[in-house]
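Participant: Have a look at this fold, sequence not included:
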């Protein structure tokens, strides 16, 4: 098992879980000593308007039995464990029942983390009946395949959910180390992260999904609820190059001319070295491995996904978006119109005058710029020469 500090660092690198818990009134944290000590060291210097208390559950609750009045003053008891918060939570609930106390008991990960990610009130239990959306889909893909643009464009329609990477490092770390049921997590997201027409979208990147899938929780129970869109890129070497350059420049997406100029400046400072070509080869093989995983996954579960090629999407995004919407049965006609930025701005200015009252088309604009460069072409050519591609 990884140390508490390591696990929390991996979670909070992307999700401000612990920051959201600062100054939340009066909370009582119960868990194993290592986790409790970590939280106490974090919260005590930062809380200025709250009173938190901490307890190592292995010491037993005997000392608290005679102080039931104090326990009843807490806003919630937060079970915090990098080992198994479910066992501790069950024990705490038994003790409260024995003391005939009604105090909310929340799990740090299964409740509070899930609430944060799903947009629910932070300090409430997530133990409730799930109401599934009418339509749910997942974009199954690999890194640097155009999935961010595809997801953003679908989200911009406001009728296709809010597809993004819900399964990433934080939930992966929790599923692998902390008995965190990522399938239940997805179910709660499916209930709360939908558009008004009850559509939920998510995005599964191959290596993240595979790690979650191997963690022992039963994702198969959700399979029948998902439609799958398989987004892939024909030019795998260009895709691997995009990963490598993103790592070197720390730039993954460009949405403005200023960011594009900064990106070009970073590119001009990079020199191609043998270690870069080795890393590029590793990324290339990783993409091939992830695609083989997806193909086996679809075959094993008898899934026939809608296949979208990156190159086709970049060439005709409007056609591909409408294809997705019809595949999902969100609409049976070509409703989406993708406009250049200047036309979209004009549309936004004029629509308030009700010029489009009788037009049910959805007008959106693509925000991200394509960031292919001469450097990437050079890197691809050098790689092909080295590996005889």
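Facilitator: That came in fine, so what should we check first? All values reported here derive from a predicted model rather than from experimental measurement.
Participant: Can you check the distance spanned by stretch 209-223, start to finish?
Facilitator: Taking C-alpha to C-alpha, to the nearest Å, the first and last residues of stretch 209-223 lie 13 Å apart.
Participant: Buried residues of it, list them for me.
Facilitator: Using 16 or more other C-beta atoms under 10 Å as the test for burial, stretch 209-223 gives 209, 210, 211, 212, 213, 215, 217, 222. The way it works is simple: take the backbone N, C-alpha and C, and place the C-beta from them, glycine included.
Participant: again with stretch 238-258
Facilitator: Buried residues in stretch 238-258 (16+ other C-beta under 10 Å): 238, 239, 240, 241, 242, 243, 244, 245, 249, 251, 252, 254.
Participant: What lies in contact with it?
Facilitator: The contact list for stretch 238-258 (C-beta atoms under 8 Å, 6 or more residues apart in numbering) reads 142-145, 148, 233, 259-260, 262-263, 266-267, 270, 276, 279-281, 283-284, 286-287, 310, 367-369, 371-373, 375-376, 379-380, 383.
Participant: Are any of these buried, and if so which?
Facilitator: Applying 16+ other C-beta under 10 Å to those flags 142-145, 148, 233, 263, 267, 276, 279-281, 283-284, 286-287, 310, 367-368, 371, 375-376, 379-380, 383 as buried.
Participant: Mind checking which of those residues land in helices?
Facilitator: In helices, judged by DSSP state H, the following of the buried ones among the contacts of stretch 238-258 are found: 148, 263, 267, 276, 279-281, 283-284, 286-287, 310, 375-376, 379-380, 383.
Participant: Where does pLDDT dip in the stretch 1-150 of the chain?
Facilitator: In the predicted model of the stretch 1-150 of the chain, residues 1, 60-66 satisfy pLDDT under 70.
Participant: switch to 80 and redo it
Facilitator: Scanning the stretch 1-150 of the chain for pLDDT under 80 picks out the ranges 1-2, 59-68.
Participant: Where do the strands of it begin and end?
Facilitator: 26-31, 51-56, 76-79, 105-107, 135-141 (DSSP state E, counting those that start in this stretch).
Participant: and residue 187, which of those is closest to it?
Facilitator: strand 135-141 (10.0 Å; C-beta to C-beta).
Participant: Can you give me the domain boundaries for this protein?
Facilitator: Listed by automatic domain parsing, the domain ranges of the chain are 4-118, 135-387.
Participant: In a markdown table, list these along with distance to residue 128.
Facilitator: Formatted as a markdown table, the domains of the chain follow (distance: least, C-beta to C-beta, whole Å):
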| stretch | distance to residue 128 |
| --- | --- |
| domain 4-118 | 11 |
| domain 135-387 | 8 |
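Participant: for the protein, which residue is closest to the average position?
Facilitator: residue 166 (2.3 Å; C-alpha atoms, centre = their mean).
Participant: contacting residues around it?
Facilitator: 117, 185, 186, 189, 193, 202, 203 are the contacts of residue 166 under C-beta under 8 Å, 6+ apart.
Participant: Need the max-distance pair from the buried residues of stretch 209-223.
Facilitator: Pairwise distances across those peak at 16.8 Å for 211 and 222 (criterion: C-beta to C-beta).
Participant: what does stretch 297-312 rub up against?
Facilitator: Contacts of stretch 297-312 (C-beta under 8 Å, 6+ apart): 140, 145-146, 150, 220, 223, 227-235, 239, 320, 323-324, 327.
Participant: what comes up buried for that stretch?
Facilitator: 297, 305, 306, 308, 309, 310.
Participant: And residue 251, how close does it get to residue 262?
Facilitator: 7 Å (C-beta to C-beta, to the nearest Å).
Participant: Check residue 180 too.
Facilitator: Residue 180 is 37 Å from residue 262, by C-beta to C-beta.
Participant: And for residue 340?
Facilitator: In this view, residue 340 and residue 262 are 23 Å apart by C-beta to C-beta.
Participant: chain center to the helix or strand residue 212 falls within, what's the gap?
Facilitator: Per DSSP states H and E, residue 212 falls inside helix 206-213. Between the centre of helix 206-213 and the centre of its chain there are 12 Å (C-alpha atoms, centre = their mean, to the nearest Å).
Participant: before we move on, what about stretch 248-266?
Facilitator: 23 Å.
Participant: Also stretch 70-87?
Facilitator: Per C-alpha atoms, centre = their mean, the centroid offset for stretch 70-87 relative to its chain is 26 Å.
Participant: and it, which residues are buried?
Facilitator: 71, 74-83, 85-86.
Participant: What of stretch 141-159?
Facilitator: Result for stretch 141-159 [16+ other C-beta under 10 Å]: buried residues 141-157, 159.
Participant: wouldn't residue 27 be in contact with residue 76 here?
Facilitator: Yes - the pair residue 27 and residue 76 passes the contact test of C-beta atoms under 8 Å, sitting 5.9 Å apart.
Participant: how about the helices in the stretch 101-250 of the chain?
Facilitator: 114-118, 147-156, 169-177, 182-192, 206-213, 236-249 (DSSP state H, counting those that start in this stretch).
Participant: Alright, calling it a day.
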